[in-house]
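Peer 1: model this:
(chains A and B)
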Amino acid sequence: MIPKDIYLDNGASTKVDEKVLKEMLPYFTKHYGNASSAHSFGYEAHQALDKARKVIAKSINADFEEIVFTSGGTESNNAIIKGIAFANKDKGNHIITSKVEHKCIVKACEWLETQGFKITYLDVDEEGFVNPEDLEKAITDKTILFSVIHANNEVGTIQDLEALGKVCKKHKVYFHSDACQSYTKVEIDVNKQNLDLLTINSHKINGPKGVGAMYVKQGTKITPLLHGGEHEFKKRAGTENIPGIIGFASALKHGPTKKEIEKMSELRDKLIEGIIKIEATKLNGPKGEKRLCNNVNISFAGIEGEAIGGYLDQKFICSSTGSACSEALLEPSHVLMAIGLSHEAANGSLRLTLSKYTTEEDINKTLETIPKVVKKLRKISPFGKVMDYVFRKNN
Amino acid sequence: MYSEKTIKHFKEPKNAGEMQNPDGVGEEGNFKCGDAMKIFIKVENNIITKITFLTYGCIAAIASTDMLCEIAKGKTLEEAENISAKEIADELGKLPQLKFHCSIMGQKALKRAIEDYRNKK
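Peer 2: Okay, here's the model as predicted:
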């Protein structure tokens, strides 16, 4: 019998909820109209689109006109960073972000640097938090935007958006957060948190891939990334992906309940506590409520993350790593380096991300397997016996 | 991403482990890109009779070094020095381009082990 897969890479992507898929299907073959068309098929598509937009808007306490559908997190982040930069050039050319952002923010900012913009990458503390005081100090009269990831995709750190939002409001700087990992798991209220812009997506919340949204507060000056028809309040041209958008809204509707979030947190803590019992291991990121309910990230001394993941895969457990060896540039994760890990610790990192479908049995099985894998790899490691291991850069 | 044979050698590396009283030891690699390799050899009449390795390395590093050991066993020192990356890749099936770096660490360590043996002699 082939053992059941234990999928602990929900930070990468998730299973589409069967109920979500069911709600999507008619929009492929029955209601397949273009939402811009002036006939019954078009009206039907448009109605469905409106309904989905309403549901998404409500979930973050935004208005209907403030939700713009996109192809996903990368597009939303690019559209926001570049769109704000180019629309507000006359005010200034300075953007602030942090050292723990998703690669699409980092790359978009690096590209803007080639276009004459100045970017400040704020340091974070050893748990991955941005200090609001650091943000305030970094703001100049040329600053137009501050962008920060809400819950970190690698180490699960949940930023205090409310505190950071206050600073932005005080200095009249646009405030954006990439909430791809946190959406539906952590409360988002664009008014309470003073957000002007937000990135959310579908495939991290048991919805389909290829669809996401951005929240753009009314009155925000932003240039569209895609030019064409007058879709999405002229903020994003292109025929709307109706089945995807229906799926996105449906995923939200079926999204994790409070109870399911509590269960994920409990299983997360069980997994963390079980793994750090292994000699020479370290939890990366914060503990408790300030950590995303489904994120576990641990470094193992003396062994390499891709190899750990490879052995876990042989045991039907799916994970991911921040090791250099999983990267084309052979550099370890910039996030793990930013929270002060040594190269060794970053390369020996393993990320396990849970979903509402993760069971206690999955966690027990994983906790049985990991010590065996670690033992096996340490046995063939030249550093296997060195347990006075240096986890941090500075000691 | 990896061939079946690569996974097989990664899963059950026959030649992984420390060697007691080796005739030559060679090290290669650095922590920055996440690998380090140590090769141990036993030599009789200019022929490698035993070869094992320890690695702090990824799937490609473990599998390709295990394959290198398989190929080097029974070879003369001169033959072993000249085992090419292509030979290993041909045996394992193609490795991803970005993993080339990891797959040649074993050969570099083996060359150092042979050097170490010659220096000790």
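
Peer 1: secondary structure class of residue B:62, three-state.
Peer 2: The assignment at residue B:62 comes out as helix when based on DSSP: H, G, I helix; E, B strand; the rest coil.

Peer 1: correct me, but it touches residue A:306?
Peer 2: No - applying Cβ atoms under 8 Å as the test, residue B:62 and residue A:306 come out as separate, 9.8 Å apart. Bear in mind the C-beta positions are built from the backbone N, C-alpha and C, glycine included.

Peer 1: show residues contacting stretch B:105-121.
Peer 2: B:22-29, B:35, B:37-41, B:43, B:51, B:53, B:55, B:57, B:61, B:64-65, B:68-69, B:72, B:77, B:80-81, B:83-85, B:88 (Cβ atoms under 8 Å, 6 or more residues apart in numbering or on different chains).

Peer 1: count of residues packed around the spatially closest residue to residue B:43 that is not a sequence neighbour?
Peer 2: With Cβ to Cβ, 6 or more residues apart in numbering or on different chains as the measure, residue B:23 is the residue that lies nearest to residue B:43, at 4.7 Å, once sequence neighbours are left out. Using other Cβ atoms under 10 Å in any protein chain shown, residue B:23 has 20 other residues around it.

Peer 1: would you confirm that residue B:23 contacts residue B:41?
Peer 2: Yes - in this structure, residue B:23 is within contact of residue B:41 by Cβ under 8 Å, at 6.0 Å.

Peer 1: re earlier: so who does the residue nearest to residue B:43 touch?
Peer 2: B:41-43, B:117, B:120.

Peer 1: swap the cut-off to 7 Å and go again
Peer 2: B:41-43, B:117 (Cβ atoms under 7 Å, 6 or more residues apart in numbering or on different chains).

Peer 1: following the helix-or-strand element of chain A with minimal mean pLDDT, which helix or strand comes up?
Peer 2: Here the helix or strand of chain A ranked lowest by mean pLDDT, DSSP states H and E is helix A:343-347, holding a mean of 88. With elements assigned by DSSP states H and E, the helix or strand that comes after helix A:343-347 is strand A:349-353.

Peer 1: in the stretch 201-350 of chain A, where is pLDDT below threshold?
Peer 2: A:325-330 (pLDDT under 70).

Peer 1: swap in 90 and give it another go.
Peer 2: A:322-332, A:342-344 (pLDDT under 90).

Peer 1: and residue 96, its phi and psi?
Peer 2: Picking chain A for this. With angles defined as degrees, to the nearest 10, residue A:96 shows backbone torsions of phi -110, psi 140.

Peer 1: can you look at chain B instead?
Peer 2: Taking degrees, to the nearest 10, you get phi -60, psi 140 for the backbone angles of residue B:96.

Peer 1: what's the burial count for residue 98?
Peer 2: With no chain named, the answer covers chain A. Neighbourhood size, residue A:98 [other Cβ under 10 Å]: 26.

Peer 1: wrong one, I was asking about chain B
Peer 2: Residue crowding around residue B:98 was assessed by other Cβ under 10 Å; the count is 14.

Peer 1: and residue B:62 and residue A:306? which has more neighbours close in?
Peer 2: Using other Cβ under 10 Å, the more surrounded residue of residue B:62 and residue A:306 is residue B:62, with 29 against 24.

Peer 1: isn't the more buried one up against residue B:11?
Peer 2: No - here residue B:62 does not reach residue B:11: they are 9.1 Å apart, not a contact under Cβ atoms under 7 Å.

Peer 1: shaky segments in chain B?
Peer 2: Under the criterion of pLDDT under 90, the regions of chain B flagged as low confidence span B:1-2, B:29-36, B:56-58, B:60, B:84-105, B:121.

Peer 1: which parts of it sit against chain A?
Peer 2: Listed as neighbours of chain A in chain B under the rule Cβ under 7 Å from any Cβ of the partner chain: B:10-11, B:13, B:16-17, B:31-36, B:38, B:54-59, B:62, B:98, B:101-102.

Peer 1: please flag which of the residues you listed sit within strands.
Peer 2: Under the assignment DSSP state E, the residues of chain B next to chain A contribute B:35-36, B:38, B:54-56 to strands.

Peer 1: could I get the longest helix anywhere in chain B in PDB with only the CA atoms?
Peer 2: If each helix of chain B is counted by residues according to DSSP state H, the longest one is helix B:105-120. Output of helix B:105-120 as PDB, limited to C-alpha atoms (Å, rounded to 0.1, in the frame of the first residue of the first chain):
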ATOM      1  CA  MET B 105      32.800  18.600  -5.100                       C
ATOM      2  CA  GLY B 106      33.400  14.900  -4.700                       C
ATOM      3  CA  GLN B 107      36.000  14.900  -7.500                       C
ATOM      4  CA  LYS B 108      37.800  17.800  -6.000                       C
ATOM      5  CA  ALA B 109      37.900  16.100  -2.600                       C
ATOM      6  CA  LEU B 110      39.100  12.900  -4.200                       C
ATOM      7  CA  LYS B 111      42.000  14.600  -5.900                       C
ATOM      8  CA  ARG B 112      43.000  16.100  -2.600                       C
ATOM      9  CA  ALA B 113      42.700  12.700  -0.900                       C
ATOM     10  CA  ILE B 114      45.100  11.200  -3.600                       C
ATOM     11  CA  GLU B 115      47.400  14.200  -3.000                       C
ATOM     12  CA  ASP B 116      47.300  13.500   0.700                       C
ATOM     13  CA  TYR B 117      48.100   9.800   0.100                       C
ATOM     14  CA  ARG B 118      51.100  10.700  -2.100                       C
ATOM     15  CA  ASN B 119      52.400  13.300   0.400                       C
ATOM     16  CA  LYS B 120      52.300  10.800   3.200                       C
END
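
Peer 1: and it, how far out from the chain middle?
Peer 2: Averaging C-alpha positions (Cα atoms, centre = their mean, to the nearest Å) puts helix B:105-120 10 Å from its chain's average.

Peer 1: quick one: buried residues of it?
Peer 2: Along helix B:105-120, the positions that meet the burial threshold by neighbour count (16 or more other Cβ atoms under 10 Å in any protein chain shown) are B:105-107, B:109-114, B:116-117.

Peer 1: circling back: between the contacts of residue B:23, which sits nearest residue A:157?
Peer 2: Ranking these by separation from residue A:157, with Cβ to Cβ as the measure, puts residue B:41 on top at 47.0 Å.
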